[in-house]
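Trainee: quick check, what structure comes out for this input:
(one chain, ligands or ions: 2)
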Amino acid sequence: MSFPQEVKVGVLGATGTVGQRFIVLLSGHPFFRIHALGASSRSAGQAYGKVTKWKQAVPVPKGVRDMIVQECKSNAFKECAIVFSGLDAEVAGDIELEFRAAELAVFSNAKNHRRDPVVPLIVPLVNPSHLSIIPHQRSLQSPALSKGFIVTNANCSTTGLVVPLAALEQAFGPLELVVVTTLQAISGAGYPGVPSLDIMDNIVPHIGGEEEKMEWETSKILGGLTDDGQGFDLHEKSPLRVSATCTRVPVIEGHTEAVSVRFTQRPPPSVGQAREALEKYISEAQQLQCPSAPEQAIYVHDEPDRPQPRLDRDFQKGAGVNVGRLRECKVLDLKFVVLVNNVNLGAATSSIMNAEIAVAKKVIDV
Ligand SMILES: NC(=O)C1=CN([C@@H]2O[C@H](COP(=O)(O)OP(=O)(O)OC[C@H]3O[C@@H](n4cnc5c(N)ncnc54)[C@H](OP(=O)(O)O)[C@@H]3O)[C@@H](O)[C@H]2O)C=CC1
Ligand SMILES: N[C@@H](CC(=O)OP(=O)(O)O)C(=O)O
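Mentor: Ligands and ions are numbered 1, 2, ... in the order given. The predicted structure follows:
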């Protein structure tokens with residue numbers, strides 16, 4: 001696969017937790033070049049390095065430190081072929097619509113447009129085929145667009161869940177039931193996020209709206225397109241029931257999830273068969289040789305005490321999914337533990353990989 005030499009990109013919400021990870025990843029990217037940065041009026045007009053409460057483990061990249069942060073208005077981003085959004089969901093909806101209307105390709109982390117019937121919700125290691133709805137999305141705008149569109153990536157916990165589920169469905173047919181309990185890192189709540197007095201020495205057994213997102217998004221991602229290619233079938237030919245419990249734990253980065261699944265296929269696959277299917281799973285992002293794709297989409301740990309967030313969240317630059325403790329479930333069929341880096345594959349890495357796939361598939365003309 002040959003990629004272009006240089007593609008100008010912008011980052012909205014550049015000062016936030018996800019925005020900062022975008023900056024780190026894009027600064028070392030082989031062909032995406034950071035051209036414009038946007039945030040709120042509190043930050044606009046000031047140098048990025050001065051206004052950002054930088055929390056990454058590497059210094060602010062030199063080329064970005066002195067860039068002036070813009071207001072999130074499309075005019076300041078018109079030279080960008082791609083705009084990544086790490087905007088607060090309070091404002092992301094309208095800003096992203098304005099950018100799309102200005103013929104910009106928007107790759108968003110925010111939840112606002114995920115349920116839109118013509119906006120693809122793409123986890124790059126699972127369903128890049130959903131990009132094929134974009135011409136229809138453009139045709140529905142008034143006036144119809146030739147370049148602009150919105151692609152969203154999923155909730156960070158959903159992202160970690162659907163990769164092993166996709167591998168199991170590909171090998172053994174539709175799943176029927178999924179029960180998942182998450183232990184989510186505090187970075188998932190942005191900065192400054194959860195007060196230290198709430199999370200130290202504690203577990204908070206509720207994250208507003210999170211369980212509903214996991215239960216709904218999973219079917220859109222694992223389902224296909226409708227027969228006319230103009231909508232999503234939401235896995236409706238074989239309805240998938242998902243029950244999620246989401247908790248916040250005192251971990252800085254990396255969401256852990258305990259998952260049990262039941263297959264429609266009887267008898268269900270054995271532990272050994274499932275292990276092989278998970279390990280052999282190859283995503284389209286890998287086949288297209290996207291630079292941000294992991295070498296292995298799912299790494300299966302055999303040690304009984306892995307995956308662990310502190311040890312495994314940066315494996316493969318946080319671009320793959322860790323699975324461990326694969327075993328029989330005495331209530332459903334199989335159970336296992338997932339670890340996903342919520343800020344990388346759960347957010348910035350997925351957006352970047354989605355954009356790489358869109359470039360590779362020529363959805364974006366660069
Ligand atoms: N953190 C995570 O693990 C994940 C987050 N997400 C989603 O990604 C998005 C960003 O999350 P996160 O980085 O954690 O959030 P943060 O709160 O850390 O950052 C929010 C960003 O939005 C900007 N912003 C706030 N208000 C406005 C406004 N009125 N106009 C323009 N920009 C504004 C902020 O700019 P300023 O600094 O100027 O205020 C900041 O850059 C959210 O939608 C979140 O739900 C998705 C998956 C995972
Ligand atoms: N709610 C997630 C992060 C997030 O912002 O999710 P979403 O993009 O679905 O709103 C967490 O707390 O870990």
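
Trainee: spatially nearest residue to the residue of the stretch 151-300 of the chain at minimum distance from ligand 2 (excluding sequence neighbours)?
Mentor: In the stretch 151-300 of the chain, no residue comes nearer to ligand 2 than G188, which is 2.0 Å away by C-beta to the nearest ligand atom. All C-beta spots, glycine's among them, are computed from the backbone N, C-alpha and C. Leaving aside its sequence neighbours, G188 sits nearest to N342 (C-beta to C-beta, 6 or more residues apart in numbering; 4.9 Å).

Trainee: pop the domain breakdown of the chain in here.
Mentor: Recorded structural domains for the chain (assignment: automatic domain parsing) are 7-155+348-360, 156-341.

Trainee: hmm, G86 is touching I23, no?
Mentor: No. With contacts counted by C-beta atoms under 8 Å, G86 stays clear of I23, the gap being 9.6 Å.

Trainee: joint contacts of the two?
Mentor: V11, A14 (C-beta atoms under 8 Å, 6 or more residues apart in numbering).

Trainee: follow-up on the earlier one: let me know whether the residue nearest to G188 touches G254 as I believe.
Mentor: Yes. Counting by C-beta under 8 Å, N342 does reach G254; the two are 6.6 Å apart.

Trainee: common neighbours of those two, please.
Mentor: In contact with both N342 and G254: A185, using C-beta under 8 Å, 6+ apart.

Trainee: before we move on, the earlier item: tell me the most buried of the domains of the chain?
Mentor: domain 7-155+348-360 (a mean of 20; mean count of other C-beta atoms under 10 Å).

Trainee: that one near ligand 1 anywhere?
Mentor: Yes. Part of domain 7-155+348-360 sits near ligand 1 under the criterion C-beta under 6 Å from any ligand atom, namely 13-19, 39-40, 42-43, 72, 86-89, 91-92, 109-111.

Trainee: on that earlier part again, what's the residue of the stretch 151-300 of the chain closest to ligand 2 sitting at in phi/psi?
Mentor: With angles defined as degrees, to the nearest 10, G188 sits at phi -60, psi -20.

Trainee: so what's the closest residue to ligand 2 within the stretch 251-366 of the chain up against?
Mentor: Residue of the stretch 251-366 of the chain nearest ligand 2, by C-beta to the nearest ligand atom: N342 (5.5 Å). Residues near N342 by C-beta under 8 Å, 6+ apart: C156, S157, G160, Q184, A185, S187, G188, E253, G254, H255.

Trainee: ok, the fourth one to S108 distance?
Mentor: Between Q184 and S108 the distance, using C-beta to C-beta, to the nearest Å, works out to 20 Å.

Trainee: hmm, back to that, looking at the domains of the chain, which is closest to M1?
Mentor: Closest of the domains of the chain to M1 is domain 156-341, at 4.7 Å (criterion: C-beta to C-beta).

Trainee: can you give me the end-to-end span of the closest one?
Mentor: 8 Å (C-alpha to C-alpha, to the nearest Å).

Trainee: chain center to stretch 136-155: distance?
Mentor: Centre-to-centre, stretch 136-155 and its host chain are 18 Å apart (C-alpha atoms, centre = their mean, to the nearest Å).

Trainee: touching ligand 2 at all, it?
Mentor: Yes. Counting by C-beta under 6 Å from any ligand atom, ligand 2 has neighbours in stretch 136-155: N155.

Trainee: can you check the distance spanned by that stretch, start to finish?
Mentor: End residues of stretch 136-155 are separated by 24 Å (C-alpha to C-alpha).

Trainee: what lies in contact with stretch 299-308?
Mentor: Here stretch 299-308 has contacts from 256, 275, 278-279, 312, 315-316, 320-326, 337-339, using C-beta under 8 Å, 6+ apart.

Trainee: can you rerun that using 6 Å?
Mentor: R275, L278, E279, G320, N322, V323, G324, L339 (C-beta atoms under 6 Å, 6 or more residues apart in numbering).

Trainee: related to what we said a few turns ago, adding mean pLDDT and distance to M1, write the domains of the chain out as a markdown table.
Mentor: A markdown table is the format used below for the domains of the chain (pLDDT from 0 to 100; distance: least, C-beta to C-beta, whole Å):
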| stretch | mean pLDDT | distance to M1 |
| --- | --- | --- |
| domain 7-155+348-360 | 98 | 6 |
| domain 156-341 | 98 | 5 |
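
Trainee: okay, those domains in JSON lines with distance to V366 next?
Mentor: Output for the domains of the chain, formatted as JSON lines (distance: least, C-beta to C-beta, whole Å):
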{"stretch": "domain 7-155+348-360", "distance to V366": "5"}
{"stretch": "domain 156-341", "distance to V366": "15"}
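
Trainee: and stretch 29-42, how far apart are its ends?
Mentor: End-to-end distance (C-alpha to C-alpha), stretch 29-42: 28 Å.
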